[in-house]
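Asker: Okay, here's the prediction I keep looking at, along with the sequence it came from:
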Amino acid sequence: MTETWRNWSGLETASPARVESPADTAAVVAAVERARQEGSTVKMVGTGHSFTAISAPEGTMLRPTNLGGILAVDRDAMTVTALAGTQLKVLNAQLEALGLSLHNMGDIAEQTLAGATSTGTHGTGGVVASLSAQICGLEIVTGTGEVVTATETENPELLEHGRVGLGALGVLTRLTFRVEPLFALEANETPMSWDEALGGFDERAAAHHHVDTYWFPHTDRLMVKTNDRLDDLDVEPLSRWRAWWDDEFLSNAAFGALNHLTNAAPSIIPRFNQLSSRLLSARSYSDVAHRVFTSPRDVVFREMEYAVPREAGLAALREARAAIDASDLKVTFPVEIRTTPADDIPMSTSGGRDSFYLAFHTHRDADHREYFALLEPIMRAHDGRPHWGKVHTRTAADLAPAYPRFDEFLALRDKLDPDRVFANDYLRRVLGD
């Protein structure tokens, strides 16, 4: 019986011809070689947290179930090597037990390391913002079945491009990350008006290690979260009751129920957003880094996120708000605003420039198309680059000018996967044949 693959948001599905759960690199090689001989394709699917079909399998679907865990710890070099199918939440817990931590990450920890890095998953602020920029070594199975290791001194071109490889260069099997001693963050969440939040945005971003901001459409209200490093691990986390009430009940159960209600009666959304945003309250807590960076996300949604140049960010946000206010759209989810330092990864959305990210969400049962179609031209007008794992309509023809080294990536793809063993419809759209 054919097995159906479906991503987390339910937006993408596929029916692969074959499903396997390789237990080691040799099994991945065998699957790739067979697909190449058959003129077929292979995809390692991860956990499906990309909203696009970037990991949708057509021929053989490889599950990462048996490819998890830490393989090596080098405390002198401060690196950790893990199997690429490890979920981020598993790596975080294992690193904490070792007294170690990643420098930065996004707010969801369900993804596999391969999936999160291949799509450029990022946090906000810090010295580096994306998981990909923390990679210093990798092992990959190419489209010819060759197992290649890449470090800063061995196959450095592959390391450079493969950190955000889109799944187009091969199947990642191992990843080595730079880590640091376990550290704690103090989080402060503060409601602000539109003018206060935007007026002090640049100064706030410069004054804190990490800043994450949420604007509630149809209101003048934002929630600003700052995370700052502490000198020790003497933390004061939220009480179990407060954490459950805020993060499990209000942010997930109650918010999910609200969306079911507003999907049926969208006219009440502006009034509800105005009321709920007025009820936002400040809170402060501290904990080890990964428990501050990440939070549960049980309400299923769809998302489009764009990275515009840092200097264009506030203008793009203001234009997005003006477009929403002038439309008849009713939006329940807040718009998330983050900033990142530039990195040196060719296909990274932050490659070569400090960036300002705007993320737009809808509930899974709401029609996202009109909302995203309204805002995508604004993001494009500001030289925006779409997150590879989130909804967008871009193609190779208009993505190439947005990435100065696009042609270099395509040339490396031709070398590593000449028969397009790792292709699917999404990659054909964004990279070409």
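Answerer: Arrived safely.

Asker: Which residues are in contact with the residue positioned nearest the centre of the chain?
Answerer: Centroid-nearest residue in the chain: T121, 2.9 Å away (criterion: C-alpha atoms, centre = their mean). Contacts for T121 (C-beta atoms under 8 Å, 6 or more residues apart in numbering) come out as M105, G106, Q111, S130, L131, S132, G389. Backbone N, C-alpha and C define where each C-beta goes, glycine included.

Asker: From G313, how far out is it?
Answerer: Here T121 is placed at a distance of 19 Å from G313 (C-beta to C-beta, to the nearest Å).

Asker: Backbone dihedrals for T340, both of them.
Answerer: phi -140, psi 150 (degrees, to the nearest 10).

Asker: count of residues packed around it?
Answerer: 25 (other C-beta atoms under 10 Å).

Asker: Tell me how many other residues crowd the residue nearest to it when sequence neighbours are not counted.
Answerer: Distances taken as C-beta to C-beta, 6 or more residues apart in numbering put A129 closest to T340, at 3.6 Å, once the chain neighbours are dropped. Counted by other C-beta under 10 Å, the residues lying close to A129 total 30.

Asker: Can you give me the distance of A129 to D383?
Answerer: 19 Å.

Asker: Check S251 too.
Answerer: Taking C-beta to C-beta, one finds S251 at 33 Å from D383.

Asker: And F183, by the same measure?
Answerer: For F183, the distance to D383 equals 34 Å [C-beta to C-beta].

Asker: now swap in H210 and tell me
Answerer: H210 sits 24 Å away from D383, taking C-beta to C-beta as the criterion.

Asker: residues in contact with Y285?
Answerer: With contacts defined as C-beta under 8 Å, 6+ apart, Y285 is in contact with E186, A187, E236, P237, L238, V292.

Asker: Mind listing what's buried along the one helix or strand it maps to?
Answerer: Using DSSP states H and E, Y285 sits within strand 283-288. Within strand 283-288, the residues scored as buried using 16 or more other C-beta atoms under 10 Å are Y285, S286, D287, V288.

Asker: circling back to that earlier point, just the buried subset of the contacts of Y285, written out for ChimeraX, thanks.
Answerer: Command for ChimeraX that selects the buried part of those, burial taken from 16+ other C-beta under 10 Å:
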select :186,187,238,292
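
Asker: so of the contacts of Y285, which ones are in helices?
Answerer: V292 (DSSP state H).

Asker: Sort the contacts of Y285 by pLDDT and name the bottom one.
Answerer: Within the contacts of Y285, L238 has the lowest pLDDT, namely 82.

Asker: give me the beta-bridge partners of the closest residue to that residue other than its chain neighbours?
Answerer: In space, L238 comes closest to Y285 once its chain neighbours are excluded; the distance is 4.6 Å by C-beta to C-beta, 6+ apart. Note on Y285: beta-bridge partners A187, judged by DSSP bridges.

Asker: again, but for S101
Answerer: Partner residues in beta bridges with S101, using DSSP bridges, are E180.

Asker: Start the count at 39 instead of 1 going forward.
Answerer: Right, with 39 as the first residue, what we last looked at is S139.

Asker: The closest residue to H401 other than its chain neighbours: what's it in contact with?
Answerer: Leaving aside its chain neighbours, H401 sits nearest to N297 (4.1 Å; criterion: C-beta to C-beta, 6+ apart). For N297, the contact set (C-beta under 8 Å, 6+ apart) comprises V337, T370, H401, D403, A404.

Asker: which of those has the most neighbours?
Answerer: Most crowded among those, counting by other C-beta under 10 Å, is T370 at 26 neighbours.

Asker: Go ahead and confirm that one touches H298.
Answerer: No - counting by C-beta atoms under 8 Å, H298 is not a contact partner of T370; they are 10.5 Å apart.

Asker: Common neighbours of those two, please.
Answerer: By C-beta under 8 Å, 6+ apart, no residue touches both T370 and H298.

Asker: Which helix or which strand is home to A295?
Answerer: Following DSSP H and E, the helix or strand that holds A295 is helix 293-302.

Asker: By neighbour count, which bits of that helix are buried? Give me those.
Answerer: For helix 293-302, by 16+ other C-beta under 10 Å, it's F293, G294, L296, N297, T300, N301.

Asker: From those residues, pick the one nearest D445.
Answerer: Taking C-beta to C-beta as the measure, D445 lies nearest N297 of those, at 42.8 Å.

Asker: From A404, how far off is that closest one?
Answerer: Distance from N297 to A404, by C-beta to C-beta: 7 Å.

Asker: who touches both of those two?
Answerer: Common contact partners of N297 and A404 (C-beta under 8 Å, 6+ apart): T370.

Asker: wait, what's in contact with H406?
Answerer: Counted by C-beta under 8 Å, 6+ apart, H406 has contacts R340, M342, T400, V429.

Asker: Redo the residues you listed as a markdown table? Include pLDDT.
Answerer: Output for the contacts of H406, formatted as a markdown table (pLDDT from 0 to 100):
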| residue | pLDDT |
| --- | --- |
| R340 | 96 |
| M342 | 98 |
| T400 | 95 |
| V429 | 98 |
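
Asker: Now secondary structure too, for these, in CSV please.
Answerer: Compiled in CSV, these are given as follows (DSSP: H, G, I helix; E, B strand; the rest coil):
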residue, secondary structure
R340, strand
M342, strand
T400, strand
V429, coil
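
Asker: low pLDDT regions in the stretch 139-288 of the chain?
Answerer: Residue ranges of the stretch 139-288 of the chain with pLDDT under 70: 282-283, 287-288.

Asker: Would you state the strands of it in chain order?
Answerer: Taking DSSP state E, counting those that start in this stretch, the strands of the stretch 139-288 of the chain run over residues 173-179, 185-189, 209-216, 218-219, 222-231, 248-253, 259-267.

Asker: The fifth one vs strand 259-267, what angle?
Answerer: Angular relation of strand 222-231 and strand 259-267 on a 0 to 180 degree scale: 160 degrees, by axes from the mean of the first three to the mean of the last three C-alpha atoms, to 10 degrees.

Asker: can you put the contacts of N297 in JSON lines and add distance to T214, pLDDT and secondary structure?
Answerer: JSON lines is the format used below for the contacts of N297 (distance: C-beta to C-beta, whole Å; pLDDT from 0 to 100; DSSP: H, G, I helix; E, B strand; the rest coil):
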{"residue": "V337", "distance to T214": "34", "pLDDT": "88", "secondary structure": "coil"}
{"residue": "T370", "distance to T214": "41", "pLDDT": "93", "secondary structure": "coil"}
{"residue": "H401", "distance to T214": "38", "pLDDT": "92", "secondary structure": "strand"}
{"residue": "D403", "distance to T214": "41", "pLDDT": "91", "secondary structure": "coil"}
{"residue": "A404", "distance to T214": "41", "pLDDT": "91", "secondary structure": "coil"}
